[in-house]
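Asks: Sequence first, predicted model second:
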Amino acid sequence: MIIDYKSKKINGIFKKIYIFLFLFMLLMPLPLLLTKNGLYPFIVMESIFTLIISILIVSILKLKISIQGNFLVVKIIFTLYKTDINKIYKIRKGETMWSGFNKFGTSTNGLIIFTKHRNDLYITPENEELFLDELKKNNPNIILEKI
């Protein structure tokens with residue numbers, strides 16, 4: 001059985017960071033128009049930056065956290081992270097995005113999942129209580145910490 005969870009919507013600080021980065025990347029090639037090299041370098045740079053921005057937008061909008069049988073899987077178009085739920089020993093609730101090694105959260109106040117054999121995972125499921133209940137069904141030995 002596969003249960004999918006959406007990531008939380010992007011909140012204040014993330015929106016400001018992303019908007020700044022998008023504008024910076026779109027405006028960065030403009031000085032190339034003032035050089036004598038012509039339009040070609042501008043088009044190339046703008047195309048590269050547009051591709052990077054598109055990848056970021058897709059990764060934000062398509063991020064899925066799912067429970068597939070006994071595995072916790074984080075994916076966008078392909079699998080980014082996969083771990084056995086039985087290897088999860090602790091979940092810390094209410095952490096910021098600056099915690100954890102694998103950061104696939106789109107918001108602050110997410111969950112850090114600690115496993116026995118992998119680095120920490122930071123995620124921000126939209127419905128945390130439902131997500132935690134489903135994890136506890138598969139592994140009742142998970143310790144919940146609230147910050």
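Replies: The structure has been received and is ready for your questions.
Asks: what's the spatially most central residue of the chain sitting at in phi/psi?
Replies: For the chain, the residue nearest the mean C-alpha position is F104 (2.5 Å; CA atoms, centre = their mean). As for F104, its main-chain torsions (degrees, to the nearest 10) stand at phi -120, psi 30.
Asks: repeat for T106
Replies: phi -110, psi 10.
Asks: residue boundaries of the helices in the chain?
Replies: 12-27, 31-34, 40-61, 128-138 (DSSP state H).
Asks: quick check: angle from the third one to helix 12-27?
Replies: Pointing back at helix 40-61 there. Here helix 40-61 points in a direction 160 degrees away from that of helix 12-27 (axes from the mean of the first three to the mean of the last three CA atoms, to 10 degrees).
Asks: Give the buried residues for helix 40-61.
Replies: Across helix 40-61, burial judged by 16 or more other CB atoms under 10 Å covers F42, M45, E46, F49, I53. C-beta coordinates here come from the backbone N, C-alpha and C atoms, glycine included.
Asks: May I see the residues you listed arranged in a markdown table, with distance to K137 as well?
Replies: Shown next, in a markdown table, are these (distance: CB to CB, whole Å):
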| residue | distance to K137 |
| --- | --- |
| F42 | 55 |
| M45 | 50 |
| E46 | 49 |
| F49 | 45 |
| I53 | 39 |
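Asks: Tabulate the residues you listed (CSV), appending distance to K64 and pLDDT.
Replies: Listed next are those as CSV, based on distance: CB to CB, whole Å; pLDDT from 0 to 100:
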residue, distance to K64, pLDDT
F42, 36, 79
M45, 32, 83
E46, 30, 83
F49, 26, 85
I53, 21, 83
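Asks: Looking at the residues you listed, which two lie furthest apart in space?
Replies: Farthest pair in the buried residues of helix 40-61 (CB to CB) is F42 and I53. Separation: 16.0 Å.
Asks: Tell me the bridge partners for the residue nearest to K75 when sequence neighbours are not counted.
Replies: In space, and not counting its chain neighbours, K75 is closest to K64: 5.5 Å by CB to CB, 6 or more residues apart in numbering. Beta bridges link K64 to K6, K75, judged by DSSP bridges.
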